[in-house]
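S.K.: Below are the sequence and a predicted model; questions follow.
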Amino acid sequence: MTSLSRPSGNLTGVTNLNAPLLLKRLGLLRELVPAAGAVGVLFNPDNPNTERRLVDLQEAASSIGQQITILNARREDDFAMAFAAAVQRRIGGLLISDDQFFYDHAGQLTALAMSHALPTIYFSARFVTAGGLMSYASSAGQIFPQIGAYVPNSQR
């Protein structure tokens, strides 16, 4: 694939663009908290996409002169430690990477962000509904109907 806008070959489909949106979220967080010396990013090290997204994020952060601090959580018990580390390291804002595990614990993560007064951007509106500050994401409600266009009429 050449790019999303020019895929080349015979491939086509629908995507939620989570990887490129991670970089956009970093930019939005930087606009929200421009004086933040460092921005924290919460990753699940068990997610197979973490390594590639981390490389992309570090390159993007470097290109705009933003220091990032990686925080990890692979179990629910890790959340409190990650937020305590963010406060200890004087993180000015937090970005939650897209991960089903984090999505399943939206209420707990937004509560921790609020209790630590840590400006946080999320990957789903579910976090904002749970009390989070802001999210930037594709809309599943708009993506799912598009998937039907790829199903042949004989299978509908």
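M.R.: Done, it's in. These numbers were taken from a predicted model, which means no experiment stands behind them. Numbers count the residues shown, from 1 in each chain.
S.K.: what about the helix or strand hosting residue 58, distance to the chain center?
M.R.: Using DSSP states H and E, the element containing residue 58 is helix 50-63. Distance, stretch centre to chain centre, for helix 50-63: 12 Å (Cα atoms, centre = their mean, to the nearest Å).
S.K.: And the contacts of that helix?
M.R.: 19, 22, 23, 26, 39, 41, 43, 44, 67, 68, 70, 97 (Cβ atoms under 8 Å, 6 or more residues apart in numbering). For glycine as for every other residue, the C-beta is placed from the backbone atoms N, C-alpha and C.
S.K.: mind running it again at 10 Å?
M.R.: 18-20, 22-27, 30, 38-39, 41, 43-45, 47, 66-68, 70, 72, 74, 95, 97-99 (Cβ atoms under 10 Å, 6 or more residues apart in numbering).
S.K.: And the helix or strand that it is followed by, what does it pack against?
M.R.: Once the chain leaves helix 50-63, the next helix or strand it forms, by DSSP H and E, is strand 67-72. Under the contact definition 3 or more Cβ pairs under 10 Å, 6 or more residues apart in numbering; DSSP states H and E, strand 67-72 sits against strand 38-43, helix 50-63, helix 78-88, strand 93-96.
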